[in-house]
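[1] Attaching a predicted model along with its sequence, questions to come.
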Amino acid sequence: MKLPPRFSWSMAIVLMLLLLGGLVELYGRTREFDRSAYVAEFALLRNIRQVDAVWERDVLRTRLGFIAHYDTLAEAQHEMWNLMAKLEPPGADPLRADTLPAARARAALRAALVQKQELIEEFKSHNAIMQNSLVFLPAAADEVLQGIGRGQDAHQKYPGLTSDVNRVLVLGLLSRRTQANVVDAEVELASTKLISQRRHLNAPMRVALDNYLLHSETVMRERRVVQKVMAGIMALPTTARLDQLTGFLLDEQAKAAAADEKYWRYGLFVAGALSLLLLLAAAQLIRGRTQLARINAELKFLNESLEARVRERTAELQQAQGDLVKAARRAGMAEIATNVLHNVGNVLNSVNVSAGLLTARLRNSKVAGLAQATALMNDHAGNLGEFITKDPKGALLPGYLRELTAALKSEQDGMEKELRVLIRSVDHIKEVVATQQSYAGSGSLVEPTDVAELVEDAVRFNSESLNRHQVRVVIDLGHMPKVPFDRPRVTQILVNLICNAKQALAEVTGRIRCINLRAYMLDDGMLRFAVSDNGDGIARENLVRIFSHGFTTRKDGHDFGLHSCILAAKEMGGALTASSDGPGLGATFTLDIPVSKTMGAS
Amino acid sequence: MNTLRGIRGRASALALFFLACHGIATAAAREEPIQPVPQTLNQDPARAALGRRLFNDTRLSGNGRASCASCHDLAKGGADGLARSRGANGQPTSRNAPTVLNAALNFRQFWNGAADTLESQVDRVVQSPVEMGAKWPDVLSVLSADADYRREFRKSYDDGITRANVQNAIATYERNLITPNARFDRYLRGEADAISDEEKNGYAKFKQYGCAVCHQGVNVGGNMFQKLGVMGDYFKKRGHQENGDLGRYLVTGEERDKYVFKVPGLRNVAKTAPYFHDGSVQTLREAVDIMFRFQIGRNAPAADRMAIVQFLNSLSAEPLAP
């Protein structure tokens, strides 16, 4: 039955577990590479790049006047910092930030963005001022030119003024397209010329010119600032930082992917080995299974034959048990017979004695003396009076007869007494034999029985002695339907119980001797008979013992009545119990018989 | 065949022309420097209601005498009408209280832009010794003793009463304090008769004189920094100088940020006199004059200035959810 020893299951299992552990480990390592996180970070970086580009684009558009307000720049800034907050998770370890190049790049990106934000603020401020002056410049030029008037006069009065004003205006407005330093130089030249003409002007014109120059100067100055700031903005390495970060991410992903692939390869190998092992184990199991099937078949066969044998043995045992029961029954009957014979023998002894006594008494009876006296009187039949009065012998006769009468009377009394004993003994024998008869029948006979009739029967069996003992019997049955049970046996038990009660009442004086008989159905399908008396009662310690074989408290009690009663009750599946409140307080015997059960048994 | 193609070519050219016109028209509409206030910033109502209670609760101050509403009284246009606001202890602070109305539309908070967010603004004001003069642990323990607050915070925030949540609740309420239905906004949204001709004229002047170069966007300002005194020395004219006049310099320490302030939004400006960071100017007219002189560097007839003041009056409205 043993599996071939060359396949060791424990070894295989250990190996399998090792392989499985390796597989799980490898799987865990591949899981560490979270693609979704990479994708999310890629998306975030791309988003930042976009917002950065939009930010820069909006700076240009604002500069070119396509956007008339700065809300878009403020919005881009706001969005940028929201995105950066996502890129830089809160509570990131600053120490780690120094060690990781990606974190360093992030910090550099943030620094560049902070710088960008500051530059854009500068741009906004200066661009606004520049725009203001730039828009005003033509009007300011007009104010100056209106003051000096048009035409040849003005040209002669303020030589070159108009052209210088216009030159400054044109340069101010159009200098975007030319080189800054050249423009600056030209504007400065024109401005210097204008200032040199200032002293020729009247007061309002001076104010206008000063204002014009102030604004043109503002335009030039702010434009330089704006251009420088814009160059600064465009030069900020935000894109480079973003590229760097993306590069790190790509590197990391590539490395992770490579590691991933490696682990997958290992995993494949390990999984292959594991499958092989499992295949081997499966093959082993299949082989084991066929063997097992064979063993099972054998076992089944054995089992079946065993069952047959068990059946045989059971039948034998049942037979034996039946025999035993019969034997026991016979033995029980023998025991009862022994009891009966023993008891009958005992009683027969007293019958014998009584008979002997009576015989002796009869043999020695004084009746012979009466015969002699009668013969004497017959001899003197003629002169009986003379004989009695004169003859001395005759004179003794009346005295003799008197004495004889007394003697015969006492003799009669003695014999009568002895005869009563004899009759009682015979009664006893009758009882014993009747009891024996109740056991002589084999098995029980369950028949629908009128309870009232049964109780009356039981009382009638005892009626003679009950009358003799002046016992009043009260029967309380109520309405009872016919119920099926073993009538003879129950009758026998009741007869016994009534007899028992009667005996318990035998020595009662001073109160009416009473037996109370009740019968009623219990809820659980039991029929209950209760036989109560107001007799001697039973001591507590005897309540159980009274049912044991050979127990009696009576001088003349035969000693198996209650014992046979309880046996009979149990045999019917019922119970017999005694209860008493104590000596002198009467006793109640309760017989419970299963009615329906008895039915079922039949 | 040729004719057909010609016609088709011409038709598509025409379509292109119309498309272009349409594009230009849309672009032109977008080019308006002032934009209407959105109807809502979509804030959580429960948090806003909680923020409203906190906004009006004096227990947020160190001595229990001042609430946010003390200096930002909605009945006074979201400010307090004082030149310098008074802190919880009654001492004057260094600057004029800006209105809380539409503060959510500012790109930064405070005159010098020290706070990025409304939350951070709350944080600073509550702790400032000359303003509310409180300490967060005290504030939080006082609020935690209030069963109502405990219940309301638990409803709105997973972690209940915390410094960040108190700030967020107040900021959420403040984000509801926008005024989208000023007459001028209705005008911008297409109601041509929502403002008078004088006011329309004033708006034209406002743009023409370059006011809208800085005072632009949704909040008519509030989205950039600018130096006070671009075209002249304002502080020299005013006569003396204080620490608060340094403006953003106090935040950045950069020389170029001296006298630089956040350009204030002009919404509800008619209701929030006195003006400027120092509250030194009582009327809009004076404020407009000062702007003309030191910021724009131009002269303008009195009528134009008055028109601009009239235009500014069309920017007032009540908040939707006070």
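    Arrived safely, thanks for sending. Numbers count the residues shown, from 1 in each chain, chains lettered A, B, ... in the order given.
[2] and B:N176, what does it touch?
    B:40-41, B:43, B:48, B:319-321 (Cβ atoms under 8 Å, 6 or more residues apart in numbering or on different chains). For the C-beta atoms, the positions are set from N, CA and C on the backbone; glycine is no exception.
[3] err, A:L245, not the other one
    A:L245 touches A:45, A:102, A:105-106, A:109, counting by Cβ under 8 Å, 6+ apart.
[4] what about 10 Å?
    A:41-42, A:44-45, A:48-49, A:87, A:101-103, A:105-106, A:108-109 (Cβ atoms under 10 Å, 6 or more residues apart in numbering or on different chains).
[5] go on, A:T577?
    A:T577 neighbours (Cβ under 10 Å, 6+ apart): A:543-544, A:547, A:566, A:569, A:588-592.
[6] so which strand or helix has it?
    Taking DSSP states H and E as the definition, one finds A:T577 inside strand A:575-580.
[7] close enough to count as contact, B:D73 and B:A97?
    Yes. Using Cβ atoms under 10 Å, B:D73 is in contact with B:A97, at 9.3 Å.
[8] So the residue of the stretch 201-350 of chain A found nearest chain B: helix, strand or coil?
    Residue nearest to chain B within the stretch 201-350 of chain A (Cβ to the nearest Cβ): A:L214, separated by 6.1 Å. Per DSSP: H, G, I helix; E, B strand; the rest coil, the secondary structure class of A:L214 is helix.
[9] just the buried members of the contacts of A:L245?
    A:41, A:44-45, A:48-49, A:102-103, A:105-106, A:108-109 (16 or more other Cβ atoms under 10 Å in any protein chain shown).
[10] Just the residues you listed: which are in helices?
    A:41, A:44-45, A:48-49, A:102-103, A:105-106, A:108-109 (DSSP state H).
[11] okay, who's weakest in these by pLDDT?
    pLDDT across those is lowest for A:A102, at 78.
[12] For A:Q253, see how far away it is.
    Between A:A102 and A:Q253 the computed distance is 12 Å (Cβ to Cβ, to the nearest Å).
[13] Which neighbours do these two have in common?
    Joint contacts of A:A102 and A:Q253 (Cβ under 10 Å, 6+ apart) are A:E41.
[14] neighbour-wise, which of B:D73 and B:A97 wins?
    A direct count of neighbours by other Cβ atoms under 10 Å in any protein chain shown for B:D73 and B:A97 places B:A97 higher, at 25 against 17.
[15] check contacts around that one.
    By Cβ under 10 Å, 6+ apart, the contact list for B:A97 reads B:70-73, B:76, B:78-86, B:111, B:125, B:131, B:272, B:279.
[16] Need the buried ones from these selected in PyMOL.
    Paste this into PyMOL to select the buried members of these, with burial taken from 16+ other Cβ under 10 Å:
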select buried, chain B and resi 70+71+72+73+76+78+79+80+81+83+84+85+86+111+125+131+272+279
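[17] just checking, which of the contacts of B:A97 belong to strands?
    If you go by DSSP state E, those have nothing in strands.
[18] Need the pLDDT of the residue nearest to A:R361 when sequence neighbours are not counted.
    Distance criterion Cβ to Cβ, 6 or more residues apart in numbering or on different chains; nearest residue to A:R361, sequence neighbours excluded, is A:M415 at 5.6 Å. A:M415 is assigned a predicted lDDT (pLDDT) of 86.
[19] That concludes my questions; thank you for your assistance.
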